[in-house]
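[1] What follows is a predicted structure for the sequence shown.
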Amino acid sequence: MKKKIAVPVKDGILDGHFGHCSHFALLDIADNSIVAEELVAAPPHEPGLLPPFLADLGVTDVIAGGMGNRAIQIFNQHNVNVFVGAPQISAVELVNGFLNKSLSFTANYCDH
């Protein structure tokens with residue numbers, strides 16, 4: 001199964017506030033392994049912009065620390081799965097943990 005997973009990052013580590021990150025790590029997945037990785041600059045923060053922006057890039061899943069409920073709803077409308085409460089580690093570590101089911105998620109720590 002092919003996937004493209006987006007992780008909001010700052011200096012290579014998960015950025016805890018999804019909507020204000022500077023970049024997204026986009027990781028292409030095939031046969032449950034990372035096959036490609038790219039770093040994409042995030043557009044300026046504007047409510048509701050990031051879900052269609054990432055969906056247009058082919059993203060199927062997002063791993064984040066915190067995210068507002070409205071953003072999650074918009075992602076779902078674009079058929080993008082959202083996983084929140086991820087620890088602040090590198091994008092590659094997050095995705096590998098997600099793929100091998102060893103990644104632990106906590107509560108969504110975004111309150112808006």
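    Here it is on my side, so go on. The structure presented is a predicted model; accordingly, all values stated were derived computationally and were not measured.
[2] C-alpha from now on. contacts and neighbour counts both.
    OK.
[3] where in the chain is pLDDT low?
    The chain contains residues with pLDDT under 70 at 109-112.
[4] hey, where'd the helices end up in this structure?
    50-56, 69-77, 91-99 (DSSP state H).
[5] What residues sit buried inside the second one?
    Neighbour counts over helix 69-77 (16 or more other CA atoms under 10 Å) mark 71, 72, 73, 74, 75 as buried.
[6] Then the shortest one?
    Buried residues in helix 50-56, counting neighbours by 16+ other CA under 10 Å, are found at 50, 51, 52, 54, 55.
[7] Against which helices or strands is it packed?
    helix 69-77 (3 or more CA pairs under 8 Å, 6 or more residues apart in numbering; DSSP states H and E).
[8] which outside residues touch the helix it packs on?
    47, 48, 51, 52, 55, 81, 82, 112 (CA atoms under 8 Å, 6 or more residues apart in numbering).
[9] Distance of the closest residue to residue 19 other than its chain neighbours relative to residue 31?
    Nearest residue to residue 19, sequence neighbours excluded (CA to CA, 6 or more residues apart in numbering): residue 45, at 6.4 Å. The gap separating residue 45 from residue 31 is 34 Å, by CA to CA, to the nearest Å.
[10] neighbour count winner among the two?
    Per other CA atoms under 10 Å, whichever of residue 45 and residue 31 has more neighbours is residue 45, with 13 against 10.
[11] gap between stretch 14-24 and the chain center?
    Here stretch 14-24 is found 9 Å from its chain centre; the criterion is CA atoms, centre = their mean, to the nearest Å.
[12] and residue 39, how many neighbours does it have?
    15.
[13] and residue 6, what is it in contact with?
    Each residue near residue 6 by CA under 8 Å, 6+ apart is listed here: 24, 25, 26, 27, 54, 59, 61, 62, 63.
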